[in-house]
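Student: A structural model of the following input is requested.
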Amino acid sequence: MPSPLNQRQFRRALVLCGLVVAVALGTSAHGASSNVTVNLDVLSWTSVDSAVCAATPSAVSFGTALPNDKLTTTADCRVAFDSNSPTASLHLRQADRAGNPMWRLPVGTFDQGFDGASGTGNGFVSLDLGGQHDNAVDVDVDSQQRVVIARRSVFAAIKTSITRLDANGVADPSFGTSGTWQPVSGNHREPTDTELFADDSVAWVGTWWNGANMDVVAGRLTPLGQTDTSFSGPDGQHELHIGTGDNTPSGLALDEAGNYVIAGSAQVAGSEDVAMYRLSSTGVPDVTFDGPSGTGNGSFTFSVVAGNEHVEDVRVQADGRIIVSGSVADGRLFVARLLSNGALDPTFDGPTGIGNGIVIHDLPGSPEVAYAVEPTPDGRILFSGIANDDLLIGRLEADGDLDPLFAGDGSYARNIGGQDIAFDLALQENGSILVVGRSLGSQAWTARVDTTGSADLSFDGPTGTGNGLVAVNFPGVNDQGIAVDVVDGAPVIAGRGDNATEDTAVAKIAASSIPSYDGGAASWTSAPMFGACLRATTAASATWTPHISCPTTNGVYWKGVAPTTSQIASKSGAGSSVDLRFGVHVGNTTGPGAYVAPLEFVVMAP
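Tutor: Numbers count the residues shown, from 1 in each chain. Below is the predicted model:
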C-alpha cells in the first residue's frame, strides 16, 4: 500500500428514480389499443479523491515518539468527496473494521494473555469436541476481538460446531451453549467455512447428506450464536444442489451487499466441475447470478479443463468481481475470475492472452495447488499453497499474469522441511502477507513476506532467529496450521494439534495497539489514544465540531476512529472537502516499534 491511509472509491448501484413513458399507439377502427412501458434506472455515484493525503506525508505521519508524548500531525489531510446525491456525506472508520485503530506490526512472539480457561495457555488454547481428528476448518476475529472457529471431528461419529472464544481464549458464555453452537443432531450438517457480518453475526456454509449424496447447506447465526430462523430454509438453513451427484462447498465470501458467494465442486457428467452459488443475506437464491450460460438463476457450474478440478477458495473484489482458486487433475493450479453476474471475466487472460476468465499456471514441480486467494486493494491477486513440495505465495497482475515485481517472477517459494503447504493467507494493512500451514511429519508454522515478495526478517518469533518464519508449537509433532485471521495486526491461527486426542488448537501472536480516543479527560492525560480532528471544511454542514488548531487538549473537536462509520460532514455544491489532523498520546507501557493506523473514508448517499 502506498501509505498507512487506506482510501477506496465507492460506486453504489442505487435506484434514484423510475421514469415511466407511456406510448399510446393509434387506435384502429375497431377501438383496439396497445401500450408499452419504457423504464429507466439511474445509478447514483460517489467518489473519494484517490490522492487523499498522499501529496503531504506529514499529514499522515507523527515521526518518532517516546512514552507519554502527545503529538499531532503538522499538515492537513485533505479529503475531497463528491456525489450526484445532494445529501451525500463523508464518513470515517477503521479499515479493518475491528479492534483498535492504531497498532504495531507483530514480530512473532505469542500473546501471553491468550490463556484459555486454564489460565496457563501462554498464547495457545486447545479445544476438544469429544472425539479424535478434531480440526479447525476456519477462524475469524470479530469486532470485539473474539475468536470464531468452525470445527469438525471425523473419528467414529462426525461432530461439528462453531465456537466463539473471548479475547483471552476463554469460551464466550453469551454465544450458543457455553460458547458453542452445533447443528441439529442427526441432520449431518457440517460447517466448512465461515464469514462475519458487521454486527458479528456468523455466515456459514457446509455439507449436508440428503440420504443419497452430499449437498451444500448455508445458514446464519445471530450475534449470540443462535440459529437465525429468518434465514430462508428449514430450521434457518438453505440447501443447494446442482445435478444429481455430490455437491461439496470449499469456500464462502460475503460481497458488499451481504450476499453469500459460495464456491465448490459438483459432479457433472462423470467429472468434478467448479460449482458456484449465490444467496442473499437472508438465504434467497440470487436469480441474477447466471454464470457463463446466462441461465444459472443463482447456481451454475463451469469447467476449467477436461477432467476433474478441485476448488479451494473464493473471494470477492471491491468492484464485485469474484475470484476462485484451486487445482486441476494434472497437478497444476488455477485462478478464475467472474463478473458479478457469474460470467467469466474476458479481461482475465493470463500469459497466453486467451484465458477468457480462467488462468492456469504451471510452476516448477508438482503438485501445485492454490489453497487460498486474496485480492489486494490495487486490483492484483495473491494466492498461497504448494508447488514442488515447497511453501508457495504468488501474486497475479489484474489480467491474471504473474507479477514480475513480486519475488522476481511472481512467485515466492520456501523449503521448510518435508512437504510444505500454506493453507491460508491474510493480507495485513501495510501490505505484508501472512500465511499459515504445516510441514508433513513436522509442525505448524506461520510465515510473512513483504510487498516485494521477500521474507520479512523482522518476523522472528520468540527465538529472534525466525527470519520470516515462526514455528507454531501446537501439541504434538505432526500438527497443522489451517486458517488465519488478523485484527489490529495480531494474527490468530487455528488448526489441529497432534496430541493423544488430536484437539483443535488456536494460537494468538501478540501485537501492541493504541485505542481510540474516547472523549474523556484521560485520553490526553494518562491513557494512550489515537483520534482525529476536523480543522476546516468546505462542506455544507459539519457533524464534527471544527477547530482551527486542533491542540492536544480535551475537547469536543477530537473524535475517536471506531470500527463503524462516523459521519464527518455533508456535501455542499458540486464537490466538498474536509481538512483533518490526527493526534496520538503514547502511553507508559506502549511497546516500541512502528505503528500504523489504517483508515477508510466512505461516501454515503441515500
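Student: for Pro101, which non-adjacent residue is closest in space?
Tutor: Val561 (4.2 Å; Cβ to Cβ, 6 or more residues apart in numbering). All C-beta atoms are positioned from the backbone trio N, CA, C, and that covers glycine.
Student: who touches that neighbour in this structure?
Tutor: By Cβ atoms under 8 Å, 6 or more residues apart in numbering, the residues touching Val561 are 92-94, 101, 516-517, 530-532, 597, 599.
Student: can you list the weak-confidence ranges in the stretch 301-450 of the chain?
Tutor: Low-confidence segments of the stretch 301-450 of the chain (pLDDT under 70): 441.
Student: go with 90
Tutor: Confidence mapping of the stretch 301-450 of the chain against pLDDT under 90 gives the ranges 305-307, 329-331, 349-356, 361-367, 377-378, 417-419, 427-431, 439-443.
Student: the strands in it, which residues?
Tutor: Secondary structure of the stretch 301-450 of the chain (DSSP state E, counting those that start in this stretch): strands located at 309-316, 322-328, 333-338, 358-361, 368-375, 381-387, 390-396, 411-414, 420-427, 433-439, 444-449.
Student: point out the other helices and strands that the second one packs with.
Tutor: Yep, that's strand 322-328 we're talking about. For strand 322-328, the contact count by 3 or more Cβ pairs under 8 Å, 6 or more residues apart in numbering; DSSP states H and E identifies strand 247-254, strand 260-268, strand 271-279, strand 309-316, strand 333-338, strand 368-375, strand 381-387 as packing neighbours.
Student: now do the third one: distance to the chain's middle.
Tutor: For strand 271-279, the gap between its own C-alpha mean and the chain's C-alpha mean amounts to 21 Å (Cα atoms, centre = their mean, to the nearest Å).
Student: and Asn210, how far from Tyr277?
Tutor: 16 Å (Cβ to Cβ, to the nearest Å).
Student: sorry, wrong one. I was asking about His585.
Tutor: For His585, the distance to Tyr277 - Cβ to Cβ - is 49 Å.
Student: comparing those two, which shows the higher neighbour count?
Tutor: Each of His585 and Tyr277 has its neighbours counted (other Cβ atoms under 10 Å); Tyr277 has more, 28 against 23.
Student: would you mind naming the residues that bridge with that one?
Tutor: Beta-bridge partners for Tyr277, by DSSP bridges, are Ile262, Ser299.
Student: the protein: helices as residue ranges?
Tutor: Along the chain, counting by DSSP state H, no stretch forms helices.
Student: what are the phi and psi values for the nearest residue to Asn499 once chain neighbours are set aside?
Tutor: Nearest residue to Asn499, sequence neighbours excluded (Cβ to Cβ, 6+ apart): Pro475, at 3.8 Å. Dihedral pair for Pro475: phi -60, psi 140, per degrees, to the nearest 10.
Student: am I right that Pro475 is in contact with Arg496?
Tutor: No - using Cβ atoms under 8 Å, Pro475 is not in contact with Arg496, being 9.4 Å away.
Student: mutual contacts of these two, please.
Tutor: With Cβ under 8 Å, 6+ apart, Pro475 and Arg496 have common neighbours 503, 505.
Student: who's more crowded, the two?
Tutor: Counted by other Cβ under 10 Å, Pro475 and Arg496 do not tie: Arg496 has more neighbours, with 27 against 16.
Student: quick check: that one touching Asp134?
Tutor: Yes - if you go by Cβ under 8 Å, Arg496 and Asp134 touch, sitting 6.7 Å apart.
Student: next, show the common contact partners of these two.
Tutor: Contacts common to Arg496 and Asp134, judged by Cβ under 8 Å, 6+ apart, are 502-504.
Student: turn the residues you listed into CSV, columns for distance to Asp138 and pLDDT.
Tutor: Below are the shared contacts of Arg496 and Asp134 laid out as CSV (distance: Cβ to Cβ, whole Å; pLDDT from 0 to 100):
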residue, distance to Asp138, pLDDT
Glu502, 18, 79
Asp503, 16, 86
Thr504, 11, 89
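Student: mind listing which of those are in strands?
Tutor: Thr504 (DSSP state E).
Student: out of the shared contacts of Arg496 and Asp134, which is nearest to Arg448?
Tutor: Thr504 (23.7 Å; Cβ to Cβ).
Student: bridging residues for the closest one?
Tutor: Assessed by DSSP bridges, Thr504 has beta-bridge partners Leu127, Arg496.
Student: which ones are touching Thr545?
Tutor: Contacts of Thr545 by Cβ under 8 Å, 6+ apart are 534, 556-557.
Student: can you tell me which of those residues are buried?
Tutor: Buried positions within the contacts of Thr545, assessed by neighbour count (16 or more other Cβ atoms under 10 Å), are 534, 557.
Student: ok, so of the contacts of Thr545, who is nearest Gly179?
Tutor: Val556 (39.8 Å).
Student: ok, now which ones touch that closest one?
Tutor: 519, 545.
Student: same check, this time on Glu272
Tutor: Here Glu272 is in contact with 265-266, 308-310 (Cβ under 8 Å, 6+ apart).
Student: by mean pLDDT, which helix or strand of this structure comes out lowest?
Tutor: Using mean pLDDT, DSSP states H and E, strand 15-18 stands out as the lowest-scoring helix or strand of the chain, at a mean of 28.
Student: one step back: most neighbours among the contacts of Val561, which one?
Tutor: Counting neighbours by other Cβ under 10 Å, Pro101 comes out on top of the contacts of Val561 with 29 neighbours.
Student: how many neighbours does the residue lying closest to Leu254 once chain neighbours are set aside have?
Tutor: Using Cβ to Cβ, 6+ apart and skipping the chain neighbours, the partner closest in space to Leu254 is Glu195 (4.9 Å). Other residues within reach of Glu195, judged by other Cβ under 10 Å, total 18.
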